[in-house]
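Visitor: next come a sequence and a model predicted from it.
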Amino acid sequence: MYFSIPRKSVQPSSQNDKLARLIEEKNGAESQVAFLNSIIVDLHEKNRELEERVRNMLVLGDTVNRHMNPAVVSLRPPRRWCDNCLVFDSHETEDCPNKPNHISNGFKSRRKLSALIDQKPSTRIYCDTCGVFDKHTTEDCTDTQTF
């Protein structure tokens, strides 16, 4: 015997499945749209608040910002420091009463350096063989081994 299944009975369940799936997709898409719309509304509100703060800052200056947001701490001016004396708050390095004889690049001034160069060499005696000062000269050295 040959049995045939009517096609009409199979199609409605298949169409019902497709319809149910489409309805589910539509509901999911609508919930996503609603969620994204709520995010957009929140962002518009934050944007409006920030625009208002900027407008107030431009018109009224920092006084409004300090009153509206007391957590913002005003910046203090930098502390004075002297590199020569190594102290805070007394004076700046440029105003130091104990200025060394150096110019701004850290080297001694040319006049002082030239005065050091013009000095006469030392009159101390030295032995090149021993490497000893003030005992004897190289000619008078008794040590024959050179270091």
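Guide: Alright, I've got the coordinates.
Visitor: which residue ranges of this structure form strands?
Guide: 81-82, 87-88, 126-127, 132-133 (DSSP state E).
Visitor: let's have the ones you listed in TSV, adding distance to Asn98.
Guide: Every C-beta, even on glycine, is put in place using the N, C-alpha and C of the backbone. TSV is the format used below for those (distance: least, C-beta to C-beta, whole Å):
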stretch	distance to Asn98
strand 81-82	8
strand 87-88	11
strand 126-127	37
strand 132-133	34
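Visitor: adding mean pLDDT, write these out as JSON lines.
Guide: What follows is the strands of the chain, written out as JSON lines (pLDDT from 0 to 100):
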{"stretch": "strand 81-82", "mean pLDDT": "86"}
{"stretch": "strand 87-88", "mean pLDDT": "85"}
{"stretch": "strand 126-127", "mean pLDDT": "84"}
{"stretch": "strand 132-133", "mean pLDDT": "82"}
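Visitor: nearest to Cys141, out of the ones you listed?
Guide: strand 126-127 (5.0 Å; C-beta to C-beta).
Visitor: how's the chain carved up into domains?
Guide: According to automatic domain parsing, the chain comprises the domains 12-68, 76-107, 119-147.
Visitor: adding mean neighbour count, write these out as CSV.
Guide: Compiled in CSV, those are given as follows (neighbours: other C-beta atoms under 10 Å):
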stretch, mean neighbour count
domain 12-68, 10
domain 76-107, 10
domain 119-147, 10
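Visitor: low pLDDT regions in the chain?
Guide: Low-confidence segments of the chain, defined by pLDDT under 70: 1-12, 62-74, 100-122, 145-147.
Visitor: what helices or strands is the longest helix anywhere in it leaning on?
Guide: With secondary structure taken from DSSP state H, the chain has its longest helix at helix 7-60. Under the contact criterion of 3 or more C-beta pairs under 8 Å, 6 or more residues apart in numbering; DSSP states H and E, helix 7-60 touches helix 62-68.
Visitor: so how far is Gln32 from Lys26?
Guide: Lys26 is 11 Å from Gln32, where distance means C-beta to C-beta, to the nearest Å.
Visitor: looking at the strands of the chain, spot the one closest to Asp95.
Guide: Nearest of these (C-beta to C-beta): strand 81-82, 8.0 Å.
Visitor: which strands border the closest one, and is each parallel or antiparallel?
Guide: Its sheet considered, strand 81-82 pairs with strand 87-88 (antiparallel) by DSSP bridges.
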